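In: give me coordinates for this.
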Amino acid sequence: MELSERWFDDYAVGEVIDVPGVHVMDGDRMVAFAQEFDPQRFHVDAEAARATIYGGLIASGWHTGAVLMKLLATTLGPASLGSPGGRELRWHSPVRAGDELRLRITVLDAKVSSSKPDRGVLTCRHELCNQTGEVVMSFEPAMMLLRRPEAERPAR
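Out: Down below sits the predicted model:
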């Protein structure tokens, strides 16, 4: 079942989802993003970046997070109600021009709202992985999703 067709009730704790799609990091876009939002030398100046611990240009972590969000948001359907926040935001490894990023989601917890039973909250681990499978960023957001209409809900 496509993520765009899923409701809260369609997720299982422990489930691992490889989100379809890949985002290839473009060097010019990395620099442009960083010039506007994170103008540190290892994000905006290739020559200066060579002299840092990274040995070259790397993407801003916030740019990497925006890529994660794009991969997620373009696959979720109308059941998505956004997120009230998350925990454990980590940048594990530098992201460089040409890296191919993919999103993997692990469902950690699922709770139906006690005040609004038409929805639930999934706690997930989002892992952004590069072309070698290395996790470059992780985050554990709470995702609010609508439930299926009661007549269509699977037995739990």
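In: per-residue confidence at the residue nearest to residue 63 when sequence neighbours are not counted?
Out: Spatial nearest neighbour of residue 63, excluding adjacent residues (CB to CB, 6 or more residues apart in numbering): residue 33 at 4.4 Å. Heads up, the C-betas are built off the backbone N, CA and C, glycines and all. Per-residue pLDDT puts residue 33 at 98.
In: residue 155 now?
Out: The per-residue pLDDT reported for residue 155 equals 65.
In: related to what we said a few turns ago, ok, the residue nearest to residue 63 - contacts?
Out: Residues counted as contacts of residue 33 (CB atoms under 8 Å, 6 or more residues apart in numbering) are 59, 60, 62, 63, 66.
In: in the longest helix along the chain, which residues are buried?
Out: Criterion DSSP state H: the longest helix present in the chain is helix 61-73. Of the residues in helix 61-73, 61, 63, 64, 65, 67, 68, 71, 72 count as buried by neighbour count, 16 or more other CB atoms under 10 Å.
In: and the gap between the closest residue to the fifth one other than its chain neighbours and residue 98?
Out: Just to be clear, that refers to residue 67. The shortest distance from residue 67 to any non-neighbouring residue, by CB to CB, 6+ apart, is to residue 23 (4.9 Å). For residue 23, the distance to residue 98 equals 12 Å [CB to CB, to the nearest Å].
In: doesn't residue 120 make contact with residue 13?
Out: No - between residue 13 and residue 120 there is no contact under CB atoms under 8 Å: 11.7 Å.
In: looking at the two, which one has more neighbours?
Out: Counted by other CB atoms under 10 Å, residue 13 and residue 120 do not tie: residue 120 has more neighbours, with 21 against 11.
In: hang on, the more buried one in a strand?
Out: Yes - read with DSSP: H, G, I helix; E, B strand; the rest coil, residue 120 is one of the residues of a strand.
In: rewinding a little: out of the contacts of residue 33, which one sits closest to residue 109?
Out: For these, the closest approach to residue 109 (CB to CB) belongs to residue 66, at 25.4 Å.
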